[in-house]
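Asker: my questions are about this predicted structure, shown below with the sequence.
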Amino acid sequence: MFDPNLNQLDLYFNEIYKNLDIPAHLLATANQRYMDLAEWLKKDSEKRFNSNSILYPQGSILLGTPVMPVKARDDFDYDLVYLREIKKEGITQKELKKQVGDQLKAYIEYLKEENSDDIPTLMEGKRCWTLKYPKFHMDILPALPDEEGEYKMNAKDGIIITDKDLHHWQYSNPKGYNAWFKYQMRQSIHEEKVKLARASTLEVEEIPDNNVKTTLQRAIQILKRHRDSTFKGEKDDKPISVIINTLATKAYKNSSNLYQTLQDILTEMDKHIVEKNGVYIVENPINPKENFADKWERYPERKNAFYSWLKSAKEEFIGLERKGSFSEINERLQKSLGNDVVTGAWNSFEKLNAKKNALNIAVSNIKTPTKPWVP
């Protein structure tokens, strides 16, 4: 049995993250469905409305932090923005929402006519439309360009979006947030590219950012799984991903050790929550006027749920190198991350260490040639 030191825990948690990540074949299928839909909507918008449109990823897919659902029968989110390049003065929220729904209904009919073997079902939500496929669903958010927004980064990418419960247009900038996120971990992105370049024939500059994953992205995936496991069946109260992402990024210290990164984040993340006159603020880093925790004032149980989850995560992850053997760590993490995830990670971890030990033994058995004796 291996001692749970920082280096061993780094290897172990990297195997955990791999078991949380979306399998490559499933992500490839989702990417293809996205590209098919984007191409069809672009052509349909030109024909139907004589206007341009673009469909692009947002949320965890854009940030590189998606996780498989806790229950195997559930599907993962593939969040998209459907940007119609028209002015808001020419359309209402209700009209935009309906038009996008009509287009998606027409897309399903098109797939049926083409005898597609993968036809999704369509559902309407408060802000978006959802196309449900086996193993994943696409949440498609209708949007228009924001011509008045003020953002610290990528101002030209601001959008306004619909909301059935609110009269006014809502503001967002997924691309701007992603630019901020990537900028905060630019050092780690470069280091990961260097590693990949050394293991291939590519130059560092030839490797896209999306081809590497930093310790921040991996840590966020682990924390999101811990949250999902903690709040099974409590969708309304569980901490929202954008709060976890934002606080984790602000607490990030660019460590190349994944386990150290987890400890850094959990130790520091709540220090980036500001309290003013009893109001808790998690500021949108590219739009200081937006508070990601704005609903905490109206629903204090959500604030309490966040701090309860953070306390639990600290107890779960901090100081594992001082809390016993790997067998004890495994038993603890199976409850919070899932038996399949932890068992799969441990099996891979053991194989890695077995190979490493075999290599060390082989190297130690190599005898240095004896120099001839000289009188």
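Answerer: Nice, I can see it.
Asker: please make it C-alpha for all contacts and neighbour counts, starting now.
Answerer: OK.
Asker: was I right to think Glu283 contacts Glu275?
Answerer: No: contact criterion C-alpha atoms under 8 Å: Glu283 and Glu275 do not qualify, at 11.0 Å.
Asker: from Val274, how far out is Tyr280?
Answerer: Taking C-alpha to C-alpha, to the nearest Å as the measure, Tyr280 falls 6 Å from Val274.
Asker: who has more neighbours, the two?
Answerer: Shown here are Tyr280 and Val274; by other C-alpha atoms under 10 Å, Tyr280 has more neighbours (19 against 12).
Asker: does that one belong to a helix, a strand or coil?
Answerer: In three-state terms, and counting by DSSP: H, G, I helix; E, B strand; the rest coil, Tyr280 is strand.
Asker: can you start the count at 881 instead of 1 from here on
Answerer: Shifting the count to begin at 881 puts that one at Tyr1160.
Asker: tell me the contacts of it?
Answerer: Going by C-alpha atoms under 8 Å, 6 or more residues apart in numbering, Tyr1160 touches Ile1153, Val1154, Ala1173, Asp1174, Trp1176, Glu1177.
Asker: spatially nearest residue to the last one (excluding sequence neighbours)?
Answerer: When you say that, I think you mean Glu1177. In space, and not counting its chain neighbours, Glu1177 is closest to Val1159: 6.3 Å by C-alpha to C-alpha, 6 or more residues apart in numbering.
Asker: separation between that neighbour and Ser1121?
Answerer: Separation of Val1159 from Ser1121 (C-alpha to C-alpha) stands at 20 Å.
Asker: more crowded one of those two?
Answerer: Ser1121 (16 against 12).
Asker: ok, and the helix or strand in the protein with the lowest average confidence?
Answerer: helix 1219-1244 (a mean of 78; mean pLDDT, DSSP states H and E).
Asker: what about the residue nearest the centre of the chain, distance to Val1092?
Answerer: In the chain, the centroid-proximal residue (C-alpha atoms, centre = their mean) is Thr945; its distance is 1.9 Å. Noted for Thr945: a distance of 12 Å to Val1092, by C-alpha to C-alpha.
Asker: what number of residues lie near Lys1062?
Answerer: Lys1062 is flanked by 17 other residues according to other C-alpha under 10 Å.
Asker: please report how far it lies from Gly1029.
Answerer: Going from Lys1062 to Gly1029 by C-alpha to C-alpha gives 21 Å.
Asker: same question, Thr1042
Answerer: According to C-alpha to C-alpha, Thr1042 stands 16 Å off from Gly1029.
Asker: tell me the contacts of the residue nearest to the centre of the chain?
Answerer: Applying C-alpha under 8 Å, 6+ apart, the residues near Thr945 are Gln1097, Arg1098, Ile1100, Gln1101.
Asker: tell me which helix or strand the first one sits in.
Answerer: Think Gln1097. Using DSSP states H and E, the secondary-structure element containing Gln1097 is helix 1095-1110.
Asker: picking up where we left off before, per-residue pLDDT, the residue nearest to the centre of the chain?
Answerer: If you check Thr945, the pLDDT there is 97.
Asker: and what about it, helix, strand or coil?
Answerer: Reduced to three states by three-state DSSP, Thr945 is coil.
Asker: now do the same for Ala1099: its pLDDT.
Answerer: At Ala1099, the pLDDT recorded in the model is 98.
Asker: pretty sure it contacts Thr1141?
Answerer: Yes: using C-alpha under 8 Å, Ala1099 is in contact with Thr1141, at 6.9 Å.
Asker: once you drop chain neighbours, what's closest to Leu943?
Answerer: Closest residue to Leu943 apart from its sequence neighbours, by C-alpha to C-alpha, 6+ apart: Asn1058 at 6.1 Å.
Asker: can you pull out the strands in the chain?
Answerer: Secondary structure of the chain, counting by DSSP state E: strands at 933-937, 956-964, 1001-1004, 1009-1013, 1016-1025, 1039-1041, 1050-1052, 1154-1156, 1159-1161, 1163-1164, 1167-1171.
Asker: nearest to Leu976, out of those strands?
Answerer: Closest of the strands of the chain to Leu976 is strand 1016-1025, at 7.0 Å (criterion: C-alpha to C-alpha).
Asker: rewinding a little: okay, Thr1042 and Gly1029: which has more neighbours?
Answerer: Neighbours were counted for Thr1042 and for Gly1029 using other C-alpha under 10 Å; Thr1042 has more, 24 against 16.
Asker: what's the more buried one sitting at in phi/psi?
Answerer: For Thr1042, the backbone dihedrals (degrees, to the nearest 10) come out as phi -90, psi 160.
Asker: picking that back up, ok, Glu1163 and Glu1155, which is more surrounded?
Answerer: Neighbours per residue (other C-alpha under 10 Å) separate Glu1163 from Glu1155, with Glu1163 holding more: 20 against 10.
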